[in-house]
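Participant: here you go, sequence then predicted model.
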Amino acid sequence: MESYDHSKIEEKWKDKWFEDNVYEAIDFSDKPKKYILAEFPYPSGKALHVGHAMRYTVPDVYSRFLRMNGYNVMFPMGWDAFGLPAENYAIKTGGHPSKINTDIIPHYKDCMMRMGYGVDWNREINTTDPNYYKWTQWLFLKFFEQGLAQYKETPVWWCEKLKTVLADEEVLNDKDGNKISERDGNPVEKKMLKQWVLKIPQYAEKLLRGLKDLDFPEAIKIAQTNWIGKSEGAEIDFEIEGEKVSIFTTRPDTIYGITFMGIAPENPLITKIFEHIKNKDAVSEYINKSKNKSDLEKQMLKEKTGVELKGITAKCLLIGREVPIYVADYVLMDYGTGVVMAVPAHDERDFSFAKKYGIEIIKVIEGNDKKTDLYIGEGIMINSDKYNGMKSEDFKLKIVEDLEREGVGKKAVSYKIRDWVFSRQRYWGEPFPLLHLEDGSVVAICDTNNPKQVKEMLPVTLPDVPDYSPTSDGSSPLDKNKEWVNIEFKGRKAKRETDTMPNWAGSCWYYLRYCDPKNDETFADMEKLKYWLPVDKYFGGAEHTTMHLLYSRFWHKFLYDQKLVPTEEPYQWRLNGGLLLGADGRKMSKSYGNTVEPMEYVDQYGADSTRMSICFLGPYEDTYPWNTNSIKAVRKLISNVYQMKNKITNDPASKEITKAYNLMLKNATSMIEALKMNTCISEFMIFINILKKETKINKEIYKGFIKAFAPFAPFASEDIWQEINGYRKWKKENSVHLQQWPKFDINVLEEDTVLIPVQINGRVKAEIEITRDADENGAKKTALNNEKIKGLIGDKKLLSVIYVKNRIINLLL
RNA sequence: GGGCGAGUGGUGGAAUGGCAUACACGCGACACUUAAAAUGUCGUCAGCUUCGGCUGAUGAGGGUUCGACUCCCUCCUCGCCCACCA
């Protein structure tokens, strides 16, 4: 018997599909469209790793399924090739970062082809291609023109090891509370630097409201909501030495409990009032000390510190009270106004500070538990002048009205989300299309609405530099190429911006470019965007929930407001993939020696087996260890299927086989729709276990199965399909992957009778056969006639019967 | 400290209010074989059993229900995310 030889089969079909572009996505096709997107890789290692295989296999199976169900499917792929991975690769191996495009990407692409991913490679994109980043620059200029990109002195996270700034989202805490970089876990510190920022907070409200209508898992919506961090409250005005100072609070109802004011050490307000302070030295010393204090120290010293600004007070303009002022580093500069009204009786942080420095504590809300000194909840107002006795919820609204009427405060909303630091002092990124003029102003290199200028000035190509490695003084490597930096612009001397954009820039809009990847006139044609958008299903990694996924929603919403894209949201539906752990249950890592190289499995067992094995392990969104054994199981399945082709006949199939076939198809169809690929494969196994016992297999049933099998095992299925149909010469339209998904006959599955369990007092005691859709009386009669049930009931009295049609009957005694 | 999620055989998992443990892996016995591999057949949650079955079990405890892995409450453990956000 001809045995299953995966390498021969896979070699045979791989190129044929791509030569004829079997997986072509056709613009404006009459068929309904489906845009299936999986996050494109940033190539780093030498070959496609198993994390990629995890991420792409299920979306590929799904998009193949949709194609066979009559959809015009786009499943595109590209390369997110700017950024640190490419630079680090170059530093390690010597040579230029651009060699990632020649050394690594072709290999990645070959790996993907060998894995059988049904990609329309005519739409391939690469973020480092000047024809691509020309439009990244153009889109950035749109933000600049609208005032949403700003060059400003900002407290930023600086990573000494990487020699660059990082965005808030790229900084994590390690186990000991140290701030580290998200990428490689290098230490980071706060620094004040002039940086380009994108004003994402201006879109906070839209980003928040947009979530409502998206088919995202609740966990992602919650994570984004928390990241945006909307708080409603009030701004309340104070006066210090003639300076008006506003604070933000979510608890204006506690205003009569204020006993001091807290100011962040970095707050420029301190300079303004500094001359009035009596203890200037102590204050300066504290500010300097806290500047050098690492976040680790602040975390470790759970106790809060601060220094009173002696000789001055803050006067609340509404209630007229004057309170002492403390500079304290538990007050954050970059939230609210960098100043707080401290109410120790009703805030934990203020409470512990007040206790330490012996500051008065005034309770203004009484809850049920009257004994506690610190009370966070709601209750009845006390010690609050004419408002005593009011409910705090009501007073909260009333006080804001009063503030607004008196003109000493207002209703206010605050967001945790900060300006997005958008520049990096690294070489391998998109150059900013901006110029610094001698008078200190910054201008765009062209007007985005002037096609002639755009054509002439964009892209600003990344120049060669003598040394692209990061510098120790924080200047950009591009600074070293003076010929490039110094430019004459409209007859004036100018210097180019030498920072580059972060890795995220290219990925913020790549899904738009797939719709029209070769357009030279604009980033993507509006009509094509109208056809393809929004992305119907977006698969990716959980690590991007508050980064890429939020950033690109921001870009998209902005572009929508500029009337450049037709939809309000980029992605209608999202699923985060789980992690694949090493076989030992630990995170895959070279240092543990538990990494899995998918290409080794492709060599040894074949791509079909590798694909199915990944699907069979478990649900897409779960995290679980790699299991070497499952690949043998699925290979056996494929091999069984392959060998069955020698048993096909035109003889009609038995009733049992016909039923099993239709049941398998019904279940497989709904399971793929629900993306439950693991249980779908179980259905295949159940069916094949039955079928392999037969000596003859009906041809139509076998053909139907092969079509259902094709999304999972595209190579073996194509090989079998071509052979059993007797196709001598390859023709694209005869590919199994362009056939109609097999239909099942529901009538075959619906027997006249059904088997249901009989329970006595909720415990299963017997099984009976009753007519389908029988009524309760019929079912009860059959159950009571059952010998075993009869014996168990004996002379006990039947109290009641619970009957669920075609499911169960429960007799209560 | 806060948020989210998960806990089911030796292992990956299935069942999301109706026969818990599907489908696999592993393991055991047997068959084929000089032998092994491969393949096939049977068995495989635990305890008891007169071999017909009976009983218990889905992290622990409680609740709702005729009926709970599934819904609710309390607790424990693990994972992920966030963390002085006024």
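Facilitator: On my side now, so go ahead.
Participant: spell out which parts of the stretch 301-450 of chain A neighbour RNA strand B.
Facilitator: By C-beta under 7 Å from any atom of the strand, the residues of the stretch 301-450 of chain A that approach RNA strand B are A:304, A:329-332, A:335-336, A:338-340, A:347, A:349, A:414, A:416. Using the backbone N, CA and C atoms, a C-beta is placed for each residue, glycine as well.
Participant: where does chain A have low pLDDT?
Facilitator: A:1-2, A:169, A:174-178, A:292-302, A:369-371 (pLDDT under 70).
Participant: residue ranges for the strands of the stretch 151-300 of chain A, please.
Facilitator: Under the criterion DSSP state E, counting those that start in this stretch, the stretch 151-300 of chain A contains strands at A:164-166, A:171-173, A:179-181, A:189-198, A:230-240, A:243-249, A:260-263.
Participant: could you dump the ones you listed into CSV with distance to A:Glu700 added?
Facilitator: Shown next, in CSV, are the strands of the stretch 151-300 of chain A (distance: least, C-beta to C-beta, whole Å):
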stretch, distance to A:Glu700
strand A:164-166, 60
strand A:171-173, 57
strand A:179-181, 59
strand A:189-198, 58
strand A:230-240, 59
strand A:243-249, 71
strand A:260-263, 79
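Participant: export these to a markdown table and tack on mean neighbour count and distance to RNA strand B?
Facilitator: Below are these laid out as a markdown table (neighbours: other C-beta atoms under 10 Å; distance: least, C-beta to the nearest atom of the strand, whole Å):
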| stretch | mean neighbour count | distance to RNA strand B |
| --- | --- | --- |
| strand A:164-166 | 24 | 12 |
| strand A:171-173 | 14 | 5 |
| strand A:179-181 | 19 | 9 |
| strand A:189-198 | 18 | 12 |
| strand A:230-240 | 19 | 3 |
| strand A:243-249 | 19 | 3 |
| strand A:260-263 | 24 | 7 |
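Participant: out of these, which is closest to A:Phe422?
Facilitator: Proximity to A:Phe422, assessed across the strands of the stretch 151-300 of chain A by C-beta to C-beta, is greatest for strand A:189-198 (4.7 Å).
Participant: contacts for that closest one?
Facilitator: For strand A:189-198, contacts defined as C-beta atoms under 8 Å, 6 or more residues apart in numbering pick out A:143, A:148-158, A:160, A:165, A:179, A:294-295, A:419-423, A:432, A:474, A:497, A:499, A:554.
Participant: so what's A:Thr128 closest to, chain neighbours aside?
Facilitator: Closest residue to A:Thr128 apart from its sequence neighbours, by C-beta to C-beta, 6 or more residues apart in numbering: A:Ala81 at 4.5 Å.
Participant: give me the three-state assignment for that neighbour.
Facilitator: The local conformation at A:Ala81, judged by DSSP: H, G, I helix; E, B strand; the rest coil, is coil.
Participant: who touches it in this structure?
Facilitator: Per C-beta under 8 Å, 6+ apart, neighbours of A:Ala81: A:Tyr42, A:Pro43, A:Ile100, A:Asn101, A:Ile105, A:Asn126, A:Thr127, A:Thr128.
Participant: restricted to helices, list the residues you listed.
Facilitator: A:Ile100, A:Asn101, A:Ile105 (DSSP state H).
Participant: circling back: filter the residues of the stretch 301-450 of chain A next to RNA strand B down to just the ones in helices.
Facilitator: A:Arg349.
Participant: from the residues of the stretch 301-450 of chain A next to RNA strand B, pick the one nearest A:Phe715.
Facilitator: Distances from A:Phe715 to those, taken by C-beta to C-beta, are shortest for A:Lys416, at 49.6 Å.
Participant: so that closest one touches A:Tyr335, yeah?
Facilitator: Yes. Judged on C-beta atoms under 8 Å, A:Lys416 makes contact with A:Tyr335 at a distance of 6.7 Å.
Participant: circling back to that earlier point, what separates the residue nearest to A:Thr128 from RNA strand B, distance-wise?
Facilitator: From A:Ala81 over to RNA strand B the distance is 24 Å, taken as C-beta to the nearest atom of the strand, to the nearest Å.
Participant: same deal with A:Met77?
Facilitator: Taking C-beta to the nearest atom of the strand, one finds A:Met77 at 26 Å from RNA strand B.
Participant: tell me the contacts of that residue?
Facilitator: Applying C-beta under 8 Å, 6+ apart, the residues contacting A:Met77 are A:Ala38, A:Phe40, A:Met112, A:Tyr117, A:Val119, A:Trp121, A:Arg123, A:Glu124.
Participant: just checking, the last one touches A:Gly78?
Facilitator: Same thing as A:Glu124. Yes. With contact defined as C-beta under 8 Å, A:Glu124 counts as touching A:Gly78 (5.7 Å).
Participant: the stretch 451-600 of chain A against RNA strand B: which residues are in contact?
Facilitator: A:Ala542, A:Glu543, A:Thr545, A:Thr546, A:Lys587.
Participant: which of the residues you listed sit farthest apart?
Facilitator: Taking C-beta to C-beta, no two of those sit farther apart than A:Thr546 and A:Lys587, at 20.6 Å.
Participant: neighbour-wise, which of those two wins?
Facilitator: Set A:Thr546 next to A:Lys587 and count neighbours by other C-beta atoms under 10 Å: A:Thr546 wins out with 17 against 12.
Participant: just to revisit the earlier point, can you pick the most crowded of the contacts of A:Ala81?
Facilitator: A:Ile100 (27 neighbours).
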